[in-house]
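Asks: Here's my sequence, what's the structure:
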Amino acid sequence: MPHRDDKNDSTLTRRDFARAIAVTAATVAVPRKSAARIPDFAQDAATQALSPAGEAQLQTILAKHGKRLSDEQKADVRRLIAQAQKAGDALREFPLENSDEPATVFRIYRADRR
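Replies: Next up, the predicted model:
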């Protein structure tokens, strides 16, 4: 249990935030044991043709890390890039104007300014 100086245990400290990010990154970075466990929608993304930007990203990653990756890992990298491309395409299709406000407003909480 993290030690907190204040009486409100619901606040999130920088250390807790960094720990959560590290755990999330470690969970995502764990390689899959078998390609048979990949869901159908993920396999569709792996067979999807990459855009020129996605293909360039794949080639850059393979040039830098390709010697250390197995064929299965290379296919997984391609699948992940295709998924990111698909998500990016969906975001770009959403109509926005410059005047559109964000759904939430970021406000900095400072304990010394209550």
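Asks: going on from the worst-scoring helix or strand of the chain on mean pLDDT, what's the next piece of helix or strand?
Replies: Here the helix or strand of the chain ranked lowest by mean pLDDT, DSSP states H and E is helix 40-47, holding a mean of 52. Downstream of helix 40-47, the next assigned helix or strand under DSSP states H and E is helix 52-65.
Asks: State the next helix or strand along the chain beyond that following helix.
Replies: Sequence-wise, the next helix or strand downstream of helix 52-65 (DSSP H and E) is helix 71-93.
Asks: Now do that next one against helix 52-65, angle only.
Replies: Interaxial angle, helix 71-93 versus helix 52-65 (axes from the mean of the first three to the mean of the last three CA atoms, to 10 degrees): 150 degrees.
Asks: Just the buried positions in helix 71-93, please.
Replies: 76-83, 85 (16 or more other CB atoms under 10 Å). (Glycine included, C-beta is placed from N, CA and C.)
Asks: Turn these into CSV, including pLDDT.
Replies: Shown next, in CSV, are the buried residues of helix 71-93 (pLDDT from 0 to 100):
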residue, pLDDT
76, 94
77, 93
78, 94
79, 93
80, 94
81, 93
82, 93
83, 93
85, 92
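Asks: Closest one of those residues to residue 62?
Replies: Set against residue 62, the nearest of the buried residues of helix 71-93 by CB to CB is residue 77 (7.5 Å).
Asks: pretty sure that closest one contacts residue 62?
Replies: Yes - here residue 77 reaches residue 62: they are 7.5 Å apart, a contact under CB atoms under 8 Å.
Asks: Could you name every residue contacting both of these two?
Replies: Shared contacts of residue 77 and residue 62, defined by CB atoms under 8 Å, 6 or more residues apart in numbering, comprise residue 69.
Asks: picking that back up, can the buried residues of helix 71-93 go into CSV with extra columns for distance to residue 70?
Replies: Formatted as CSV, these follow (distance: CB to CB, whole Å):
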residue, distance to residue 70
76, 9
77, 11
78, 13
79, 14
80, 15
81, 17
82, 18
83, 20
85, 23
